[in-house]
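# mind looking at a prediction? Sequence and model below.
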Amino acid sequence: MLAGIRHKAGLLLGCSLFAVVMAACGGSGSPELDIEATIEARIELAKASLIAPTAVPLPTPLVVIKEVPVEVIKEVIVEKTVEVVKEIPVEMVVVQTKEVIVEKEVVKKSLWKR
């Protein structure tokens, strides 16, 4: 009995599978589409959606002038007249006199006792 049900279920499953495959792979129910007309319509739509390019002004450069003090070292030649005075050594004699005062105290002692 079980074998009979299996054969019937398999046959039913096979037939339904065959019907689904035939419906999917068979001819379509809708008429053929005009591919060329579709492409032309899409091109016209794309052309209409394009925006004409407008001129965009370029940015003008900003010029900044900055003055920076710079130290410049220059070598300048200056002519000077120099008067040379020759010194002659002169001997000077200095006389110093010293006066020495010596004070002596004289004490007389007598030899005799008193």
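On my side now, so go ahead.
# now find how far off-centre the helix or strand containing residue 5 is within its chain.
According to DSSP states H and E, residue 5 maps onto helix 2-25. Relative to its parent chain, helix 2-25 has a centroid offset of 76 Å by Cα atoms, centre = their mean, to the nearest Å.
# so for it, what gets flagged as buried?
Buried residues in helix 2-25, counted by 16 or more other Cβ atoms under 10 Å: none are found. The way it works is simple: take the backbone N, C-alpha and C, and place the C-beta from them, glycine included.
# who's in contact with that helix?
Residues from elsewhere that reach helix 2-25 (Cβ atoms under 8 Å, 6 or more residues apart in numbering): none.
# helix or strand right after it?
helix 35-49.
# pLDDT averaged over that next one, what's the number?
For helix 35-49, the mean per-residue pLDDT is 87.
# again with stretch 90-97
pLDDT averaged over stretch 90-97 gives 80.
# buried ones in it, by neighbour count?
Under 16+ other Cβ under 10 Å, stretch 90-97 has no buried positions.
# can you classify the residue sitting nearest the centre point of the chain as helix, strand or coil?
For the chain, residue 64 is the residue whose C-alpha lies nearest the centre (Cα atoms, centre = their mean; 19.9 Å). Following DSSP: H, G, I helix; E, B strand; the rest coil, residue 64 is assigned to coil.
# any idea how far it lies from residue 70?
As judged by Cβ to Cβ, to the nearest Å, residue 64 and residue 70 stand 18 Å apart.
# do the same with residue 47
63 Å.
# between the two, who's got more neighbours?
Set residue 47 next to residue 70 and count neighbours by other Cβ atoms under 10 Å: residue 47 wins out with 8 against 5.
# list the contacts for the more buried one?
By Cβ under 8 Å, 6+ apart, residue 47 has no neighbours at all.
# now do the end-to-end distance for stretch 81-90.
Taking Cα to Cα, to the nearest Å, the first and last residues of stretch 81-90 lie 28 Å apart.
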